[in-house]
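Sequence first, predicted coordinates after that:
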There are 2 protein chains.
Amino acid sequence: METAFDRIRNHRLHERVVTAEEAASWIQHGMTLGLSGFTRAGDAKAVPRALAERAKHEKLKVNVYTGASLGSDIDKLLAEAGLLHKRLPFQVDPTMRKKINQGEFYFIDQHLSETAELVRGQVLEPIDIAIVEAIAITEDDMIIPTTSVGNSMVFAHHAKSIIVEINLAQSPLLEGLHDIYEPGKQGERAPIPLTKPDDRLGTAGIPFDMSKVRGIVFTNQTDSPSTVTTPDAETNQIAQHLIAFLRQEVRAGRLTNRLAPLQSGIGSVSNAVFHGLLQSEFTDLEVYSEVLQDAVFDLMDAGKVRYASCSSITLSRGKMEEVFPRLEKYRDRLILRPQEISNHPEVIRRMGLIAINTALEFDIYGNVNSTHVLGTQMMNGIGGSGDFARNARISIFVTKSIAKDGNISSIVPFVSHVDHTEHDVDVVVTEQGYADLRGLAPRERAPLIIERCTHPLYREQLMDYYEEALARGGQTPHALEKALSWHTNYAQTGTMLQRVLQTK
Amino acid sequence: METAFDRIRNHRLHERVVTAEEAASWIQHGMTLGLSGFTRAGDAKAVPRALAERAKHEKLKVNVYTGASLGSDIDKLLAEAGLLHKRLPFQVDPTMRKKINQGEFYFIDQHLSETAELVRGQVLEPIDIAIVEAIAITEDDMIIPTTSVGNSMVFAHHAKSIIVEINLAQSPLLEGLHDIYEPGKQGERAPIPLTKPDDRLGTAGIPFDMSKVRGIVFTNQTDSPSTVTTPDAETNQIAQHLIAFLRQEVRAGRLTNRLAPLQSGIGSVSNAVFHGLLQSEFTDLEVYSEVLQDAVFDLMDAGKVRYASCSSITLSRGKMEEVFPRLEKYRDRLILRPQEISNHPEVIRRMGLIAINTALEFDIYGNVNSTHVLGTQMMNGIGGSGDFARNARISIFVTKSIAKDGNISSIVPFVSHVDHTEHDVDVVVTEQGYADLRGLAPRERAPLIIERCTHPLYREQLMDYYEEALARGGQTPHALEKALSWHTNYAQTGTMLQRVLQTK
C-alpha cells in the first residue's frame, strides 16, 4: 500500500518532512511569499493557514504573490490576520476585498501573464519562500503540481527557499497532465513553440534545485469547490445571442463550425455561455483558456470539445467527484500550463482565439470596466481578461444589462474605470442582444450598443445622453460634466434611473 | 542612362504605365482603397491627389486605409474634397482632424499592428484597390517599397487590383533595406522567427500577383519632411530624467549599458529623448521601433546605435538630404519591416523592449490619454503606442507637465479618455521628474506621481483632490463628481487652475 512518503520519490528529501506549523515558523516579518493557487485550484493550504494562526499572537507583515485567487479561505484568513503588506495579482474573497478597499494593505491588480515576467526580471520584491502544492516530488527532482500550475514554476525557480505541500487528497491521476515550459528571460528567449492547444513544450513537472527545499508538509484537503451558479434565463439568453454572433461569423466565411480556440473567463456568465454551446452545431472545438469550469467537461463528455488547455481546473463539488477519479478518460485531451503560457500574448495572437470575458459595465463606445464598482471599489481584478482581449481574434465581453433590480445599468455613458479600451473590444453581449463593433467608429458604435444591448429601462435615457453629446461634436462625443453622473446619482440615491430620480 | 521604365524590370508591365489621372478614374464611389504611407513616409502621392481633384466635380465617397499618417497634404486634400466615408488607422493632419471631430466622416483609431490582421481576417470592408509607392518592380514580380513598408504588403495581397506609383525622387539605395515577412492567417501561422532587431525573415520586396497590377504611375516628389521641432529646455529635462531612470535600472542590475531594444513614438518629445542618449554612457544600442526620426541617425553616426529596425523613416528636410544619398553607410545597420512585424506583440514581448511614448495627459494612478483632447476631440490616434506599451519590458510615457501657458495640467485626477490603463504604464516622466510605478498599488502611485511629475502650479491642487478621494476609500480612490472637473473647468473658463478660478 502507498504511504504518504512514497510521494517523495527522491528519498533524500524524506528527512525534510515537517509540520505546517514548523514550516510557517520560518516565515519572518517583511518576507515575500510566492504561493501556488489559481482560481481556488491547487493552492497551498496548510502553511498559509498555520501562518495566519501564528499572526494572531505576533506582529507579522508579508507580501503574498499567487497565481490568481485562492480557495480554502486562505485569502480570508490572511486578510483577517492583518498579515498582508502587499498582495498580487488577483483575488476574489469578500473579506479580502473589503480590506483592500479600506486601504488596510496594498493590492496590485495585474495582467495574469505578467507576474512571471516581473519576477524573472527582478522588478518585484524578490521572493523569499515559495509554497507550492504538489502531487509528488519525482526521483529526478521535479515538483508535480496539482489542479493548477499558475505561477508555481517561476516562484520555485526564483525563491530563496521552497516549501512543498504534498496534498494526498488531490488525484494522483493529475500527474502527466502538466506541461511546464520556461520561456527564459526577455531579450534572450526563443519563440514559444506552441501553435495548437495540444502542443506539449516542456516537462511533466517543475524542475527545481533540491537544496532549496527547506521543508515538505503533508496535507489532505480537497480544493474549494467553485461557486459558479447554474445558468438562469438571462445568462442563457446571453449564450444564445453569442451563438447567433458566432453563426454570423460562420455564414460570413470567417469561421467554420470548428470555430477557433475558445477562452472564457471565470464566473457564472462565462460558464453559462459554454453550456450554451452544448446545444449548438459547433463541434470539434478546442479550448485554450486559463480556467476550466464545469461546462468544459460537459462539452468534452458530449464530444463537442476535442482538446482543452488551461492553467487550472476549478469545478463544483459534484463535478470534482465526477471528474477527478476518472481523469484517465480526459488524459489525451487535457493539459495544464503555467499561466504565463496559457495567457501569453504571443500564443493568443498566433492562434487567434475567441475570447469571452465578463464586464462589470461598458460604455456607449465599448470601453469596459472589469474591476471597479463605481470607479473606486475593487471587485476581483482584471485577471487574464486583458491578456486575452487585446490579442484575441475576436474579443467578446458579456454582462447582464442591469443589476440591483434595475437600479444599475451595466451600459453607461462613460465607464467609471477603464480596464479594456474600445480598441480591444470587438463584440459586447447582454441578454438584450449583441453589438458587433468591429470596423465601427465611435459614432457608429454608440447607437448600435444603445439599441442592441441596453435594457429598455435605460435605452431612452442613454440615447438622450448620446444626442446631447453628439450635438457638441468630437470623435468620441461626450457631455463631460454629465459623463459620470449615472454613477454619482447611484451613489447618492441608489438608482441610475432618471425617471425615478425625477419623482424622488 | 537609367530611364524611368528601367524601374519596371518585368518588361511585360511596361504597357501598364498610365497617368495619375487615368488611374484615379478607375476609382468608383463606394470603393475601399489601401494606401501606402506611414508617418509621412512612402505615401502614394499622385493618384490620391488626382482623385481629390476629380472629387471637386463629382460626388465620390471612398474608404481609405493606410499604414499610418500620410504626408504630401494627401490627408488634407482627401478631407477637403469630402471624399471620405471611413478613414483608418491613424492621421495627424489638422484639416482632417477638424473634419473627424465635426463628424464629417468616420475615423477608426486602431492599434497599428492590428489593421493587417483585420484585413487578412476579412473583418474590414475588402480592399478594392491598393495604391502603393515603390522604388521599382523587380523581374520576379516584387514591389520594392520606398521609405516605409506600413501595410503595403497586406493591402497588395488582399486588394482586387493594384496601382503602383514608382517615385523617381526616392533614393534607389533604399532597395535591399526592406524585409517583407507574411506571418499567415491566425490559427495557421508559425512563430515569427525574430529574436533580435537585426534578424531578416523574408524577402526584399512585396511579392505580388502580376495580373492584379492595373496601372503603374511615375512620380517624382520627395516625402514631406518631418515637422519635429528641436529639443527645448523642457524636452531636454525630460530626456535627462529618463536617462536617470535608465541609470537606476543599470545600477539595480536589471539592465546593462546596452539597455534593451528601444522604441520611441513619433514627435518632438520622443526625438528629444533619443537626442539625450547622445551624451549618455549607454552604448551599442539597438532600436526596434515603428518610425526612425532624425535622432536615431545622429545616434548611429555617433556609434551609439548599432542597429535600427523600423517600418518607416521620417526625417527633417536637412536630414533627408544628408541620409538618403548616403544610405550605403547605414546598409548593414538598418531594416524596414511591415508594421505588423515592427509592432507585433509577439516580438515586442519576446525581446523585452524599452518603449517610450508620448501622453497627452495622465492621471494620478497612471492611466494615460494619448488621443482625445478633453475626452472628445481626436488629436492623432493611438498609433503604435498600445502595441508597445502593453508588451514592453518597460513602458514609459513622457509629456510636459503643463500646456497652454499653465492653464492645462497634463497630470489630472482622472483622464478624460483612456488609451493605456495603469496596468500598462510602468514609468511616467515630465520635465519635473520621473515616477517609477512598477510594483506599486494605486495608493502608492498617486502620491509619487503628484510629488515627482506634477508642475508646482498644480501640486497642491492635485494633492487636495487625492486627499478628499482617499477619505472616501477604495482600491482606486476618487471623488467621482469632481473627477472630470478639471476638464470641464478648462472648457468653461480656459484654465484648470483652481486659484485663478476662485479669483475670477
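Arrived safely, thanks for sending.

ok, now which ones touch A:Gly103?
Going by Cβ atoms under 8 Å, 6 or more residues apart in numbering or on different chains, A:Gly103 touches B:Arg443, B:Leu470, B:Gly473. Bear in mind the C-beta positions are built from the backbone N, C-alpha and C, glycine included.

Please tell me how far the nearest residue to A:Pro261 once chain neighbours are set aside sits from A:Arg390.
Closest residue to A:Pro261 in three dimensions, ignoring its sequence neighbours and counting by Cβ to Cβ, 6 or more residues apart in numbering or on different chains: A:Tyr288, at 3.9 Å. Distance, A:Tyr288 to A:Arg390, using Cβ to Cβ, to the nearest Å: 15 Å.

longest helix of chain A?
Once chain A is assigned using DSSP state H, the helix that runs over the most residues is helix A:233-251.

ok, residues contacting it?
Surrounding helix A:233-251, the residues in contact under the criterion Cβ under 8 Å, 6+ apart are A:231, A:255-257, A:259, A:268-269, A:272-273, A:275-277, A:280, A:282, A:354, A:356, A:394, A:396, A:398, A:400, A:427, A:429-431, A:433-434, A:436.

Next: stretch A:52-59.
With Cβ under 8 Å, 6+ apart as the test, stretch A:52-59 has contacts from A:21, A:24-25, A:27, A:29, A:60, A:74, A:77-78, A:80-83.

Just put these in a markdown table and tack on neighbour count.
Rendered in a markdown table, the data for the contacts of stretch A:52-59 read as follows (neighbours: other Cβ atoms under 10 Å in any protein chain shown):
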| residue | neighbour count |
| --- | --- |
| A:Glu21 | 15 |
| A:Ala24 | 24 |
| A:Ser25 | 15 |
| A:Ile27 | 22 |
| A:His29 | 12 |
| A:Leu60 | 21 |
| A:Ile74 | 28 |
| A:Leu77 | 20 |
| A:Leu78 | 28 |
| A:Glu80 | 16 |
| A:Ala81 | 18 |
| A:Gly82 | 15 |
| A:Leu83 | 25 |
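
Adding distance to chain B, secondary structure and pLDDT as columns, could you present the residues you listed in JSON lines?
Below are these laid out as JSON lines (distance: Cβ to the nearest Cβ, whole Å; DSSP: H, G, I helix; E, B strand; the rest coil; pLDDT from 0 to 100):
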{"residue": "A:Glu21", "distance to chain B": "31", "secondary structure": "helix", "pLDDT": "98"}
{"residue": "A:Ala24", "distance to chain B": "25", "secondary structure": "helix", "pLDDT": "98"}
{"residue": "A:Ser25", "distance to chain B": "28", "secondary structure": "helix", "pLDDT": "98"}
{"residue": "A:Ile27", "distance to chain B": "20", "secondary structure": "coil", "pLDDT": "98"}
{"residue": "A:His29", "distance to chain B": "19", "secondary structure": "coil", "pLDDT": "97"}
{"residue": "A:Leu60", "distance to chain B": "20", "secondary structure": "coil", "pLDDT": "95"}
{"residue": "A:Ile74", "distance to chain B": "20", "secondary structure": "helix", "pLDDT": "97"}
{"residue": "A:Leu77", "distance to chain B": "21", "secondary structure": "helix", "pLDDT": "97"}
{"residue": "A:Leu78", "distance to chain B": "16", "secondary structure": "helix", "pLDDT": "97"}
{"residue": "A:Glu80", "distance to chain B": "18", "secondary structure": "helix", "pLDDT": "97"}
{"residue": "A:Ala81", "distance to chain B": "19", "secondary structure": "coil", "pLDDT": "96"}
{"residue": "A:Gly82", "distance to chain B": "17", "secondary structure": "coil", "pLDDT": "96"}
{"residue": "A:Leu83", "distance to chain B": "16", "secondary structure": "coil", "pLDDT": "96"}
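
List just the nearest of those to B:Asp298.
Lowest distance from B:Asp298 to the contacts of stretch A:52-59 (Cβ to Cβ) belongs to A:His29, with 51.5 Å.

Spit out the contact partners of the closest residue to A:Glu468 other than its chain neighbours.
Beyond its immediate neighbours in the sequence, the residue positioned closest to A:Glu468 (Cβ to Cβ, 6+ apart) is A:Ala479, lying 5.0 Å away. Taking Cβ under 8 Å, 6+ apart as the definition of contact, the neighbours of A:Ala479 are A:Pro413, A:Tyr465, A:Glu468, A:Ala469, A:Arg472.

Touching, the first one and A:Lys482? I think so.
To tie it back to what came earlier, the one meant is A:Pro413. Yes. At 6.9 Å, A:Pro413 and A:Lys482 qualify as touching, with contact defined as Cβ atoms under 8 Å.

okay, and the common contacts of these two?
Both A:Pro413 and A:Lys482 are contacted by A:Tyr465, under the criterion Cβ under 8 Å, 6+ apart.

which one of those two has more residues nearby?
Comparing A:Pro413 with A:Lys482 by other Cβ atoms under 10 Å in any protein chain shown, the one with more neighbours is A:Pro413, at 25 against 18.

What pLDDT is listed against the more buried one?
At A:Pro413, the pLDDT value in this model is 98.

Could you find the closest non-adjacent residue to the most centrally placed residue in chain A?
With distances taken as Cα atoms, centre = their mean, the residue of chain A nearest its centroid is A:Gly383 (4.5 Å). With Cβ to Cβ, 6+ apart as the criterion, A:Gly383 has its nearest non-adjacent residue at 5.2 Å, and that residue is A:Phe90.

do A:Ala308 as well
In space, not counting the residues next to it along the chain, A:Ala308 is nearest to A:Val287; the distance is 4.0 Å by Cβ to Cβ, 6+ apart.

what bridges to the one you found?
Partner residues in beta bridges with A:Val287, using DSSP bridges, are A:Leu262, A:Ala308.

swap in A:Asp436?
Applying DSSP bridges to A:Asp436 gives these bridge partners: A:Val427.

contacting residues around it?
If a contact means Cβ under 8 Å, 6+ apart, then A:Asp436 has A:Phe245, A:Gln248, A:Asp426, A:Val427, A:Leu448 as its contacts.

Check the offset of stretch A:98-112 from the chain's centre.
The gap between the average C-alpha position of stretch A:98-112 and the chain average comes to 16 Å, counting by Cα atoms, centre = their mean, to the nearest Å.

part of a helix, is A:Tyr490?
Yes. Following the definition DSSP: H, G, I helix; E, B strand; the rest coil, A:Tyr490 is counted among the residues of a helix.

My guess is it contacts A:Asn407. True?
Yes. With contacts defined as Cβ under 8 Å, A:Tyr490 counts as touching A:Asn407 at a distance of 6.8 Å.

residues shared between the contacts of the two?
Overlap between the contact sets of A:Tyr490 and A:Asn407, as judged by Cβ under 8 Å, 6+ apart, is given by A:Met496.

the more surrounded of the two?
In this comparison of A:Tyr490 against A:Asn407, neighbours counted by other Cβ under 10 Å, the higher total goes to A:Tyr490 at 22 against 16.

number of nearby residues for the closest residue to the more buried one other than its chain neighbours?
Once flanking residues are discounted, A:Tyr490 sits nearest to A:Met496: 4.9 Å by Cβ to Cβ, 6+ apart. Residues near A:Met496, counting by other Cβ under 10 Å, number 26.

I figured A:Met496 hits A:Ser410, correct?
No. Using Cβ under 8 Å, A:Met496 is not in contact with A:Ser410, being 10.0 Å away.

What segments of the stretch 1-150 of chain A are strands?
Chain-ordered strands for the stretch 1-150 of chain A, with DSSP state E, counting those that start in this stretch as the definition, fall at A:32-35, A:62-65, A:84-88, A:106-107, A:129-134, A:136-137, A:142-144.
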